[in-house]
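1. Have a look at this prediction, sequence included:
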Amino acid sequence: MASSAPGSRLVGENKFHVVEDDGGSLEAIAKKYNVGFLALLQANPALILTCHAQAAC
């Protein structure tokens with residue numbers, strides 16, 4: 001795995017995932033890439049979470 005920046009303690013690589021209109025959940029994305037849900041949120045601080053009226057939030 002590549003280091004994210006010289007001198008950084010972080011290792012790994014950036015991956016991009018486009019969420020389709022089918023309502024793919026963040027939990028499903030985290031599971032697909034074997035990343036914890038909270039780690040996914042921390043890695044994407046600008047992520048905007050929305051809740052549809054039908055969903056139980």
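-> That came in fine, so what should we check first? Numbering: from 1, shown residues only.
2. what sits against A43?
-> Neighbouring residues of A43 by CB atoms under 8 Å, 6 or more residues apart in numbering: V35. Glycine gets a C-beta too; all of them are placed from N, C-alpha and C.
3. any idea how far it lies from K32?
-> Here A43 is placed at a distance of 14 Å from K32 (CB to CB, to the nearest Å).
4. how close does D21 sit to A46?
-> In this structure, D21 and A46 are 20 Å apart, going by CB to CB.
5. I meant to write H17 there.
-> The span separating H17 from A46 equals 15 Å under the rule CB to CB.
6. just K32 next, same as before
-> Here the criterion is CB to CB. By it, K32 lies 21 Å from A46.
7. Neighbour count for these two, which is higher?
-> Each of K32 and A46 has its neighbours counted (other CB atoms under 10 Å); K32 has more, 11 against 4.
8. confidence score at the more buried one?
-> Here, the pLDDT recorded for K32 equals 87.
9. For it, give me its contacts.
-> Remark: with contacts taken as CB under 8 Å, 6+ apart, K32 is in contact with H17.
10. part of a helix, is Q42?
-> Yes: the assignment for Q42 (DSSP: H, G, I helix; E, B strand; the rest coil) places it in a helix.
11. From V35, how far off is it?
-> Taking CB to CB as the measure, Q42 and V35 are separated by 10 Å.
12. Kindly report the same for A43.
-> Separation of A43 from V35 (CB to CB) stands at 8 Å.
13. Now do the helices in this structure.
-> With helices called from DSSP state H, the chain shows them at 26-32, 37-43.
14. avg pLDDT for stretch 39-51?
-> This predicted structure assigns stretch 39-51 an average pLDDT of 75.
15. Now do the contacts for K31.
-> Applying CB under 8 Å, 6+ apart, one finds that K31 lies in contact with no residue.
16. cutoff 10 Å now
-> 25, 37, 40 (CB atoms under 10 Å, 6 or more residues apart in numbering).
17. will you turn those into JSON lines that also has neighbour count and distance to S8?
-> Putting the contacts of K31 into JSON lines (neighbours: other CB atoms under 10 Å; distance: CB to CB, whole Å) gives the following:
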{"residue": "S25", "neighbour count": "11", "distance to S8": "30"}
{"residue": "F37", "neighbour count": "13", "distance to S8": "23"}
{"residue": "L40", "neighbour count": "17", "distance to S8": "19"}
